[in-house]
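Asks: Following is a predicted model, sequence given first.
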Amino acid sequence: MWIVRPAVTAHCCPAVAVIHVDTIYRVAHLIPLYANATHPIPRNIKPHHSYDVFATFYVNRFIDHHAFSLLSDPY
């Protein structure tokens with residue numbers, strides 16, 4: 001599995017962009033990296049808060065055979 005983190009600018013602001021929906025090839029299954037959490041994990045955390053609580057994620061290529069095939073091909 002690969003480890004990814006959100007991109008930031010030189011001023012430590014999130015690097016964001018608007019992309020066209022036709023450019024999305026496939027969704028990614030991200031698993032938070034719990035070992036690098038800077039604070040204790042709250043008990044009442046919701047899945048949609050994960051991007052705010054965690055700074056690093058694993059990309060799960062084993063979620064289904066399509067993702068495995070896409071992410072296993074050498075480019």
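Replies: Good, I have the coordinates.
Asks: Determine which residue lies closest to the centroid of this structure.
Replies: Among the residues of the chain, the one closest to the centroid is Leu30, at 4.3 Å (C-alpha atoms, centre = their mean).
Asks: what are the bridge partners for the closest residue in space to that residue that isn't next to it in sequence, then?
Replies: Excluding its sequence neighbours, the residue lying closest to Leu30 (C-beta to C-beta, 6 or more residues apart in numbering) is Phe57, at 4.0 Å. Just so you know, the C-beta spots here come from the backbone N, C-alpha and C atoms, and that holds for glycine as well. Counting by DSSP bridges, Phe57 forms beta bridges with Val4, Pro32.
Asks: how about Phe57, what does it touch?
Replies: By C-beta atoms under 8 Å, 6 or more residues apart in numbering, Phe57 lies in contact with 3-5, 30-33.
Asks: Most neighbours among the residues you listed, which one is it?
Replies: Within those, neighbour counts (other C-beta atoms under 10 Å) peak at Pro32, which reaches 18 neighbours.
Asks: what's the distance between Ala35 and Cys13?
Replies: Distance of Ala35 to Cys13, given as C-beta to C-beta, to the nearest Å: 26 Å.
Asks: sorry, back to before: and the contacts of Phe57, which two are the farthest apart?
Replies: Based on C-beta to C-beta, the longest span within these runs between Arg5 and Ile31 and measures 13.0 Å.
Asks: Please report the distance of the residue nearest to Leu30 from His29.
Replies: Taking C-beta to C-beta, one finds Phe57 at 9 Å from His29.
Asks: And Ala35, by the same measure?
Replies: Distance, Ala35 to His29, using C-beta to C-beta: 19 Å.
Asks: quick one: which of the two has more around it?
Replies: Between Ala35 and His29, counted using other C-beta under 10 Å, the more crowded position is His29 (15 against 6).
Asks: Who are the contact partners of that one?
Replies: 59-60, 63, 67.
Asks: Thr56 too?
Replies: Residues near Thr56 by C-beta under 8 Å, 6+ apart: 3-5, 32-33, 36.
Asks: tell me the contacts of Pro40?
Replies: By C-beta under 8 Å, 6+ apart, the contact list for Pro40 is empty.
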